[in-house]
Structures are given as C-alpha cells and as structure tokens.
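Q: here is a sequence together with a model predicted from it:
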Amino acid sequence: MVYVPHEIGEVEQIITYDGEVFTLGDGFDQAVLSIGGRGMPSASYHTYQGYQQPFPVVRSYVIEPRSVTLSLLVVTEHRADYWEKRRQLVEALRFNRGGPLTLRHIRADGTARDLLCYPDGALDWQDESEWDAWETEIALVAHNPLFQDAEITSVRLDKAELTLSFPITFPIAFEGVYSPIYEDIVYDGDFPAWPIIEVDGPYTTLRVENVTTGAVVGLAVPISAGEKRILDLTPGQQRLVDQNGVSRWGELWMPDSVLMAFNLRPPGLSRLVSIYEGVPGGVNRLRATFTGRTNDTACVIHYRRQFLSL
C-alpha cells in the first residue's frame, strides 16, 4: 500500500484487528485537538551493587508500555449524525475485535507509522442535548511501545543465479555448490526489527546468519518445488508454517537457531543487552547458505523498521 500526501496535513487513524479503518480527523467535521504519549517510552533498569560498592551498576533494561491519550472533537449537522458518530467510535475501539488495534499516524508526505494498542479506560461523553457536537478523551495503552513502519521492506537473499561451466562431470551434484549468498542491510531504525523469512523450495537445507552479530536461524528438512516455509521471528508470535498455514516447527535447525537473537540491529554498540542494541553503522551482513537449491528457490527477508518515538 502506498500512502499518498494529504491536503489536510497529518492524519490519525484507528485500524481494527479485523481491518476496519476509522479516521479520527478528516479536516471537516472531526478533529484531533491534542495527542499525548508519543515520545520516547520509559525504561526499567536492572542494577547490581556489590559489597562496599559505592553505587549500583546498570546491567540491563526493559522498555515499559506507553499510554497514549487523544482528545477528539466531532461536529455534526443533525442529532441523528451525533449518535451515529459516537457509535462508529465505539465500534472502532471495542475490545472484542480479536486483537490489538493499530493507531496509525500519516504525515503530509505519506510517511506512515503504526503503534499497536488496546483501549485503556472507559470511553465516555458529557451529553449535550442541545448541541450536535461532542468532545471525548480516548485512552490507549501500547504494551509494545515501539512505533513501526506501516510499509514492509523486503530484501531477497537468493540473487545468485545457478550457472554451469563446461566441461562438467555427470552426474551433476548441486549440493552446497552455489552458496553462500551475502546481502548487507543498513538498518536505520531506533530499535531492532525481528523479520519474517519467506522461503520457496526446493532446497535441502537453509542456514541464514547475521554475520555481524553471529545470530543464526536455519531449516533442516528438505522441501520440494512449489512448497513454501514462512518463519516469523516477531517476539510473542514466533512460528514456522508452510504455504497452507500448517505448523512446521519441527523443521527448525536445532540447536543452532536462536530466534530472539536473530534480528536487524540499529547503529550503536552492544554492551548492556546485546540482542537489543546496536552494530556499527547499522550494517547487518546477512549470509544465506543453501544446499539443494535450484533457480526456483527463493528466500526473502521482510521487516518493518521500529522506532522508540514517533
């Protein structure tokens, strides 16, 4: 999806888990008066203080959930529209949509960032029977406080074409001959991104390594042409499935695959919590090593940049 520039400037949207879109400010009869809670989230630091040590030393940290509040003003021409607009907002915010809602911010240049949220607190109004306008406060909580790109970035790791040089000896053995394949991804988000790895067969084995960090994931069971494997490394929803959505968890290359450690790191250095921190210049060198691949084999990394603040 391409987000086009908006004549009315910046736009805020609520997108329900099942895909309904509710635009909070439309430039006409509905406006967001203020928004709070979109700066950098707070963190909890884990410290250690040894015997006779004069001060504690920070060992690690975790980032904490963020609270977002929006003040929404709606003006209508008729009393029936007044009630309809209220109903639409409740529909967008109700809890039983199946998962978190997405609070999307779209800038005038089309840049779009998402925050996954849940309703936090009662939604209420001061009813004005003589007026056809209302104002309310919307409270949201984001247990994952990171903003992420609405757009997905995709990078192929199978660009090398299979070629034959003559003279050759038959039978031809392709096993491991045309690997590894390298790709440098310069990641300029603020916080690591855990990618989705999508692989089309055939292959015998596949091993993907972030050479910069040493983290590895791999698939150890052969698949045929026409088959697909999708490895989602998103924390809290890690899974490996085939083209039909059937779990293939047993095909992971173990014990080498360390799922939380395999991510794309931002610029910086690793010292406190190495799997969350940076690499020099944000350069992540990925290496894909195939065996049993053909020209039909494909491997694509999908990711969204993540940010500590909007």
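A: Everything's here; your move. Treat the numbers as computed from the prediction; the structure is a model and nothing was measured.
Q: give the buried residues for the helix or strand in which E84 is found.
A: When elements are assigned from DSSP states H and E, E84 belongs to helix 79-93. For helix 79-93, the neighbour count (16 or more other Cβ atoms under 10 Å) marks 82, 85-86, 89, 92-93 as buried. C-beta coordinates here come from the backbone N, C-alpha and C atoms, glycine included.
Q: in a markdown table: those, plus distance to Q237.
A: Shown next, in a markdown table, are these (distance: Cβ to Cβ, whole Å):
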| residue | distance to Q237 |
| --- | --- |
| Y82 | 40 |
| K85 | 34 |
| R86 | 33 |
| L89 | 28 |
| A92 | 23 |
| L93 | 23 |
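Q: so which of these is the closest to T111?
A: A92 (22.6 Å; Cβ to Cβ).
Q: what about the residue nearest to the closest one when sequence neighbours are not counted, how many residues nearby?
A: Distance criterion Cβ to Cβ, 6 or more residues apart in numbering; nearest residue to A92, sequence neighbours excluded, is F22 at 3.7 Å. Residues lying near F22 (other Cβ atoms under 10 Å) number 16.
Q: for F22, what are its contacts?
A: For F22, the contact set (Cβ atoms under 8 Å, 6 or more residues apart in numbering) comprises 13-16, 88-89, 91-92.
Q: pLDDT on the strand or helix carrying V68, on average?
A: In this assignment (DSSP H and E), V68 forms part of strand 66-75. Here strand 66-75 scores 89 as its mean pLDDT.
Q: against V273, how distant is the closest residue to P100 other than its chain neighbours?
A: Nearest in space to P100, with sequence neighbours left out and distances taken as Cβ to Cβ, 6+ apart, is L116 at 4.3 Å. The gap separating L116 from V273 is 22 Å, by Cβ to Cβ, to the nearest Å.
Q: now do V246
A: 34 Å.
Q: which of these two has more neighbours?
A: V273 (12 against 8).
Q: surely the more buried one meets V58?
A: No. Assessed by Cβ atoms under 8 Å, V273 is found out of contact with V58, at 10.3 Å.
Q: which outside residues touch the helix holding E84?
A: Residues outside helix 79-93 that contact it (Cβ under 8 Å, 6+ apart): 14, 16, 20, 22, 30, 72, 74, 76, 101, 119, 123, 125, 132-134, 136, 138.
Q: whichever of the residues you listed end up buried, select them in PyMOL.
A: In PyMOL, this line selects whichever of these come out buried by 16+ other Cβ under 10 Å:
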select buried, resi 14+16+22+30+72+74+76+101+119+132+134+138
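Q: redo the contacts of F22 as JSON lines? Include distance to I230 and pLDDT.
A: Output for these, formatted as JSON lines (distance: Cβ to Cβ, whole Å; pLDDT from 0 to 100):
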{"residue": "Q13", "distance to I230": "27", "pLDDT": "93"}
{"residue": "I14", "distance to I230": "28", "pLDDT": "93"}
{"residue": "I15", "distance to I230": "23", "pLDDT": "95"}
{"residue": "T16", "distance to I230": "24", "pLDDT": "94"}
{"residue": "Q88", "distance to I230": "35", "pLDDT": "87"}
{"residue": "L89", "distance to I230": "35", "pLDDT": "87"}
{"residue": "E91", "distance to I230": "32", "pLDDT": "89"}
{"residue": "A92", "distance to I230": "30", "pLDDT": "89"}
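Q: dump these into TSV; add distance to A288 as well.
A: Below are these laid out as TSV (distance: Cβ to Cβ, whole Å):
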residue	distance to A288
Q13	36
I14	38
I15	33
T16	37
Q88	47
L89	47
E91	45
A92	41
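Q: understood, closing this out.
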